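Asker: Structure here, sequence nowhere to be found:
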């Protein structure tokens, strides 16, 4: 008996708030890196093809990662236990697919530096929905409201300062630019609304790995529908994809990276709510800025005042992130979260005690792994084969890159993957 106790894995006692903050900041790193392939749109490729390539990469990742981490048996059991959430996950995927396409149109028309902060206004949209629908911040002290609201506003303001610093002033303002601005703002509204299904799923006890598996059917179905309409039918869409194969590897890779960031963002939404988690993950603009400045050399001709604005905007965003990180929910707010959870349990006839344990990251089944299925090896192998196939047919892009800085940023992206993944495993077993 003593030997079995010694062999049992020991869970971490890290607070869920601290874990959620770490997940949100790790999400920012991966989400910022995933935006780098959108620069391909400036090379003349259709935004629909770029978006479709990202969605294809996301589709593969949203099946492969949950299979590797928890197995198909766990995912299917979780979905069948809460079937009412499947439609919400599909709806979230549909919103993401439309929003992602809009962001790429925005990048084409006004550039990444301006489009990024505009669609990151989803922080305020998500914060609004969190307060209205899920009782986030209800019962918090005035200083906690100030930290979260002020921090979210600071992140958006800092992003706007970065946009001013890095904008191409020579391009002027045109009708094409106004369409890009509308596209970016519309994407922000859709992305902020997309977090409603996230939060609804997690206060009902659904595992993020299960949620994203179904989420992907909504995004894939939507982007295929949009692409078919845009290109005049499925046949023309397939032909366009075939002709774009030499560049599809890069947005495919971006979509795969996006899912890793999105998974961290989902865990952040589960443990600290969308009002805190989304603004923190929206500091991804800092990482995107690093890729643009250091790897692609976008700001080599920037004036001293422009560089000063970049430092100021980055500092404001970091200060906002610190403020939100310190705004741990007090007891009364947590009681309101519990009330929102009980409402979902009553509405869908769920076991409130079991859901409460799942919401707290204490999934009883996590310490008793299910048997792995033989087809899970096929799923992982198929994902690897698709990467190899696309990589073999890729075309070399004639873009100036700094290989040393790219290596540094890749290493900087991999570090939070390992450390945050380990923290999630030790504290929640990815529950």
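Answerer: Great, that's in hand. All values derive from a computational prediction rather than experimental measurement.

Asker: What helix or strand is the nearest residue to residue 244 once chain neighbours are set aside located in?
Answerer: Distances taken as Cβ to Cβ, 6 or more residues apart in numbering place residue 49 nearest to residue 244, at 4.8 Å, with adjacent residues excluded. (Each C-beta comes from the backbone N, C-alpha and C, glycine too.) Element membership for residue 49 (DSSP states H and E) is helix 47-69.

Asker: right, and the helix or strand after that helix?
Answerer: helix 72-81.

Asker: packing partners for that following helix?
Answerer: helix 208-231, helix 375-392 (3 or more Cβ pairs under 8 Å, 6 or more residues apart in numbering; DSSP states H and E).

Asker: quick one, which of these is packed in tightest?
Answerer: Highest mean neighbour count among those (mean count of other Cβ atoms under 10 Å): helix 208-231, with a mean of 21.

Asker: Now do the next helix-or-strand element following it against helix 47-69, angle only.
Answerer: Sequence-wise, the next helix or strand downstream of helix 208-231 (DSSP H and E) is helix 234-243. On the basis of axes from the mean of the first three to the mean of the last three Cα atoms, to 10 degrees, helix 234-243 is oriented at 80 degrees to helix 47-69.

Asker: Next, the buried residues of helix 234-243.
Answerer: In terms of neighbour count (16 or more other Cβ atoms under 10 Å), helix 234-243 has its buried residues at 237, 240, 241.

Asker: tell me the angle of it relative to helix 208-231?
Answerer: Going by the same axes, to 10 degrees, helix 234-243 makes 110 degrees with helix 208-231.

Asker: How about residues contacting helix 234-243?
Answerer: 46, 49, 52, 224, 227, 228, 230, 231, 248 (Cβ atoms under 8 Å, 6 or more residues apart in numbering).

Asker: So which residues of the stretch 101-250 of the chain form helices?
Answerer: 112-119, 122-134, 142-166, 175-202, 208-231, 234-243, 245-272 (DSSP state H, counting those that start in this stretch).

Asker: These: lowest mean pLDDT?
Answerer: Mean pLDDT across the helices of the stretch 101-250 of the chain is lowest at helix 112-119; the value there is a mean of 74.

Asker: wait, what's in contact with residue 201?
Answerer: Applying Cβ under 8 Å, 6+ apart, the residues contacting residue 201 are 82, 85, 88, 89, 208, 211.

Asker: if I look at it, how far off is residue 348?
Answerer: As for residue 201, its distance to residue 348 is 11 Å (criterion: Cβ to Cβ, to the nearest Å).

Asker: Kindly report the same for residue 60.
Answerer: 31 Å.

Asker: same check, this time on residue 389
Answerer: With Cβ to Cβ as the criterion, residue 389 and residue 348 are 42 Å apart.

Asker: what does residue 217 give?
Answerer: 21 Å.

Asker: before we move on, back to that, take the helices and strands packed on helix 72-81 and write them to a markdown table, including distance to residue 18.
Answerer: Below are the helices and strands packed on helix 72-81 laid out as a markdown table (distance: least, Cβ to Cβ, whole Å):
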| stretch | distance to residue 18 |
| --- | --- |
| helix 208-231 | 18 |
| helix 375-392 | 32 |
